[in-house]
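Asker: I would like the atomic coordinates for the input below:
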Amino acid sequence: MSTMKLKRILVHLDGRGRAAAGALAQAAALAQVCGARLKIIDVVREPPRRLARLGGRSYRKLLVEGRREQLEDLCAELDARGQPYTLDVRSGVPFVEVIRAVQAENIDLLVKASERRSSPGIFGSTDMSLLRKCPCPVLLLKGGGGRVRRLLAAVDPDPEDAVRDSLNPRIMAFAGLMRELTDASLDVAHAWTLVGEDLMGGGALKLSGDEFRTLARRERQARMEALEQMLVPHGLAVRSPHVHLLKGHPEDVLPEVARKLSADLLIMGTVGRVGLAGVFMGNTAESILSRVNCSVLALKPEGFVSPVE
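Answerer: Here you go, the predicted model:
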């Protein structure tokens with residue numbers, strides 16, 4: 001049984017088709033499992049000044065009212081089964097207004113169907129803005145979701161880095177929640193490299209081959225022990241076939257293992273530094289997200305400051 005508790009879930013519906021319906025279904029199911037309040041939001045773009053009035057009426061207001069009617073139709077199934085929700089349609093810049101709603105209502109999870117985009121990657125501009133700047137966890141669903149058969153949790157245990165280390169229990173807690181909801185299998189992956197390894201090739205690092213291999217064995221053992229300790233509370237062990245200790249840069253090996261496992265959902269952290277509004281998401285996380293082709297649940301550490309006021 002997952003220990004993760006969600007009290008408020010926000011789903012951003014920016015379409016009408018199967019993807020939007022799938023995202024709404026996923027968010028509603030999560031809300032039911034967690035006993036969370038469900039809020040639905042969309043944002044229409046502010047019309048230019050030349051279109052501000054139409055026959056004496058506000059064009060912006062017409063856009064908002066029209067979109068509200070569309071969303072009410074989309075929510076008919078929720079009404080039929082008596083699942084409570086609130087509906088909010090705004091005008092402005094979509095990611096800004098969504099983040100303002102997250103902040104104003106202390107949202108615990110934002111759910112959204114990912115924007116369609118040609119490969120590599122599946123995320124469009126609004127998706128990436130939310131991944132970079134939204135303070136709460138963001139669940140971006142490829143194609144609106146669908147059945148989740150396999151989860152992949154990307155962890156980074158490092159006792160010497162308190163910020164990164166603090167993300168691991170939250171990643172595993174969300175993995176437990178999604179596993180409970182979907183009955184999917186769970187794999188855990190940790191990627192590691194040896195600092196300075198790139199200097200060996202050209203001889204810039206004055207170490208013998210034996211010395212380098214000794215350092216690499218030490219680092220691998222330390223990473224294995226840290227991973228083992230992190231997994232104990234979750235009933236997993238490093239030797240499990242569902243645990244992957246990967247040698248290589250995370251941006252290379254994590255997308256590759258996600259493909260090999262046919263993972264439906266990747267759960268990962270996205271920020272390496274906190275406390276500064278200008279630091280949104282690390283380069284490694286950006287590279288990983290640009291290469292995966294599955295749904296993503298992205299978390300930020302405690303103390304992250306969004307630049308959106």
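Asker: Please count neighbours and contacts with C-alpha atoms only from this point.
Answerer: OK.
Asker: Going along the chain, name the strands of the stretch 201-309 of the chain.
Answerer: Taking DSSP state E, counting those that start in this stretch, the strands of the stretch 201-309 of the chain run over residues 243-247, 265-269, 295-299.
Asker: So which of those is nearest V305?
Answerer: strand 295-299 (13.1 Å; C-alpha to C-alpha).
Asker: Identify the residues contacting that closest one?
Answerer: Where contact means C-alpha atoms under 8 Å, 6 or more residues apart in numbering, the residues beyond strand 295-299 that reach it are 114, 131, 136-142, 145, 167, 171, 264-271.
Asker: That one vs strand 265-269, what angle?
Answerer: 20 degrees (axes from the mean of the first three to the mean of the last three C-alpha atoms, to 10 degrees).
Asker: Would you list the strands that strand 295-299 pairs with, along with their directions?
Answerer: Using DSSP bridges, strand 295-299 pairs in its sheet with strand 138-141 (antiparallel), strand 265-269 (parallel).
Asker: Tell me how far the shortest one lies from the chain's centre.
Answerer: Think strand 138-141. Relative to its parent chain, strand 138-141 has a centroid offset of 5 Å by C-alpha atoms, centre = their mean, to the nearest Å.
Asker: CA-only coordinates of that strand, as PDB, when you get a sec.
Answerer: This file holds the C-alpha atoms of strand 138-141, laid out as PDB (Å, rounded to 0.1, in the frame of the first residue of the first chain):
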ATOM      1  CA  VAL A 138       3.900  17.100 -13.200                       C
ATOM      2  CA  LEU A 139       2.400  14.000 -14.900                       C
ATOM      3  CA  LEU A 140       2.600  14.400 -18.600                       C
ATOM      4  CA  LEU A 141       0.700  11.600 -20.400                       C
END
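Asker: what comes into contact with it?
Answerer: By C-alpha under 8 Å, 6+ apart, the residues outside strand 138-141 that reach it are 23, 109-114, 127, 130-131, 294-299.
Asker: And for the longest one?
Answerer: With contact meaning C-alpha under 8 Å, 6+ apart, strand 265-269 is reached by 148, 150-155, 167, 171, 174-175, 258, 285, 294-301.
Asker: Can you tell me which of those end up in helices?
Answerer: 167, 171, 174-175, 258, 285 (DSSP state H).
Asker: Now do the helices in the stretch 151-300 of the chain.
Answerer: Per DSSP state H, counting those that start in this stretch, the stretch 151-300 of the chain carries helices over the ranges 162-182, 209-231, 250-261, 283-291.
Asker: For E77, find the nearest of those.
Answerer: E77 lies closest to helix 162-182 among those, at 19.4 Å (C-alpha to C-alpha).
Asker: Tell me the buried residues in that closest one?
Answerer: For helix 162-182, burial by neighbour count (16 or more other C-alpha atoms under 10 Å) applies to 163-179, 181-182.
Asker: what about L38, neighbour count?
Answerer: Applying other C-alpha atoms under 10 Å, we find 23 residues neighbouring L38.
Asker: brain fart, G209
Answerer: Counted with other C-alpha under 10 Å, G209 comes out at 10.
Asker: before we move on, what about R67?
Answerer: If you count neighbours by other C-alpha under 10 Å, R67 ends up with 20.
Asker: list the contacts for it?
Answerer: With C-alpha under 8 Å, 6+ apart, R67 has these contacts: 44, 89.
Asker: do you know how far D165 is from W192?
Answerer: Distance, D165 to W192, by C-alpha to C-alpha, to the nearest Å: 14 Å.
Asker: quick one on the thing from earlier: just so I know, which of the strands of the stretch 201-309 of the chain lies nearest V89?
Answerer: strand 295-299 (24.2 Å).
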